[in-house]
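> Show me the folded form of this:
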Amino acid sequence: MSAQAAFHHVRLELAREPDHPAGDSGFGYDLVIPLDSDQKLDKAACRTQAEHCRVRRFRNDATEAVGRLAQSDDGRWFFDFEPGEADDEFGFRLDDERFVPGEYISIRAADGDLHTFRVMTSSPVDLGGA
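Okay, the predicted model is just below:
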């Protein structure tokens with residue numbers, strides 16, 4: 001992990017879209033990811049401490065799936081919930097995004113639909129000396 005990176009808990013909630021004109025605070029993701037001083041994904045830390053890069057998808061405020069943040073062979077970042085590729089959800093240019101409240105992040109669901117989520121919170125996480 002770079003000297004400037006620190007793990008953060010980032011909460012994403014569904015932003016406005018045609019089927020949800022007010023968004024949906026009950027659908028989203030909780031991420032535990034390393035961010036650099038610009039609040040962007042610290043790619044080196046993701047690779048060296050992959051076991052700590054966690055994802056929880058929730059719907060109706062209940063946990064729907066738990067997995068990890070991973071990088072594909074072609075360099076794209078995705079949420080990996082189960083072995084195999086059928087349930088993988090890819091982030092759109094995740095390594096270019098800033099994970100600060102108010103920013104928007106796009107995720108392509110396993111069914112191929114692209115959804116936009118709003119960063120609601122981002123706060124440092126203590127991994128307990130990990």
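
> Every contact and neighbour count from this point should use C-alpha atoms.
Noted.

> contact partners of the helix or strand bottoming out on mean pLDDT in the chain?
Least confident element among the helices and strands of the chain, by mean pLDDT, DSSP states H and E: strand 89-91 (a mean of 86). Contacts with strand 89-91, where a contact means CA atoms under 8 Å, 6 or more residues apart in numbering, come from 76-80, 105-110.

> Tell me the helix or strand right after that strand.
strand 104-108 (DSSP states H and E).

> what's the neighbour count on residue 99?
Residue 99: 27 surrounding residues under other CA atoms under 10 Å.

> per-residue confidence at the closest residue to it other than its chain neighbours?
Distances taken as CA to CA, 6 or more residues apart in numbering put residue 39 closest to residue 99, at 5.5 Å, once the chain neighbours are dropped. pLDDT, residue 39: 95.

> Then residue 86?
58.

> cool, and residue 3?
48.

> element containing the most centrally placed residue in the chain?
What sits nearest the mean C-alpha location of the chain, by CA atoms, centre = their mean, is residue 31, with 4.8 Å. Taking DSSP H and E as the definition, residue 31 sits inside strand 24-35.

> Which secondary structure elements does that strand sit against?
Counting contacts by 3 or more CA pairs under 8 Å, 6 or more residues apart in numbering; DSSP states H and E, strand 24-35 packs against strand 6-14, helix 43-48, strand 54-59.
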